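*Asks:* Okay, structure incoming, though there's no sequence with it:
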């Protein structure tokens, strides 16, 4: 089953979001269909703030290692594309395609001076159309999962704005619509009904269970950086326990369970 077809299943595609080789191997061992990088988790791993603080060169090097050790379909979080001009974005995507990457996330907001701001929807759609056209001209197949940050940024009328943007992006050639922070069933159902793209939602405390999401028409579920954050918290607790207990009991106390 190719990556495009995975977004047309009755059961949503659950993406295993990874940040290094070990997490990619764990995702494969756990039986997932595909992996996707988490930009926030990778930025944290390298000691950067999220929002393209990581260089594309560093990202490409990591992706090369992921592709070398894990044969699952790989999608890469490209944030805003690591370039301003569509031609350079396409050059970046071509470099990833050469490594075997089958999809990317591109988002319609940018981080400037530590603050995330939405881009004009029509300007972004025109940029997306140019990227899609250049990819086609170069003979590169790449699933473009377009992220809109309407709910993440707390837009006053997030549902309607998501639908407006989603329709524009569909016309521009997007292959999927990623809406992080949407959790209410009525919002999810409205977006699925109005936007002709597979809907991707993200791990959140209030997100419905997967069977409910399937019934609502969701086609892809992402983890974001939440699994990475949870593991980092567990690591901190273990390290603190070693220091306070003055023993390695915390390392081994659950080994038999």
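*Replies:* Right, received. Where do you want to start? Given the structure is predicted, the values throughout are model-derived calculations rather than measurements.

*Asks:* Residues contacting the helix or strand bottoming out on mean pLDDT in the chain, please?
*Replies:* Counting by mean pLDDT, DSSP states H and E, the chain has its least confident helix or strand at strand 109-112, which shows a mean of 86. With CB atoms under 8 Å, 6 or more residues apart in numbering as the test, strand 109-112 has contacts from 49-52, 80, 116-119, 149, 152-153. Every residue, glycine included, has its C-beta placed from N, CA and C.

*Asks:* and it, how far out from the chain's middle?
*Replies:* Averaging C-alpha positions (CA atoms, centre = their mean, to the nearest Å) puts strand 109-112 16 Å from its chain's average.

*Asks:* any chance you could map the strands in this protein?
*Replies:* Assigned by DSSP state E, the strands in the chain fall at 13-18, 34-37, 74-77, 103-107, 109-112, 115-118, 143-147, 176-178, 199-202, 220-222.

*Asks:* Now do the contacts for residue 159.
*Replies:* Residue 159 is in contact with 187, 190-191, counting by CB under 8 Å, 6+ apart.

*Asks:* Distance-wise, check it relative to residue 125.
*Replies:* Using CB to CB, to the nearest Å, residue 159 is found at 19 Å from residue 125.

*Asks:* contacting residues for the residue sitting nearest the centre point of the chain?
*Replies:* Residue closest to the average C-alpha location in the chain (CA atoms, centre = their mean): residue 77, at 5.1 Å. For residue 77, the contacting residues are 36-39, 42, 104-105, by CB under 8 Å, 6+ apart.

*Asks:* what's the pLDDT at it?
*Replies:* Residue 77 carries a pLDDT value of 97.

*Asks:* In space, what's closest to it - neighbours in sequence excluded?
*Replies:* In this structure, residue 77 finds its nearest non-sequential neighbour in residue 39, 4.0 Å apart by CB to CB, 6 or more residues apart in numbering.

*Asks:* still on that earlier bit, of the contacts of strand 109-112, just the buried ones, PyMOL syntax please.
*Replies:* Here is the PyMOL command that selects the buried residues among the contacts of strand 109-112 (16 or more other CB atoms under 10 Å):
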select buried, resi 50+51+52+80+118+119+149+152
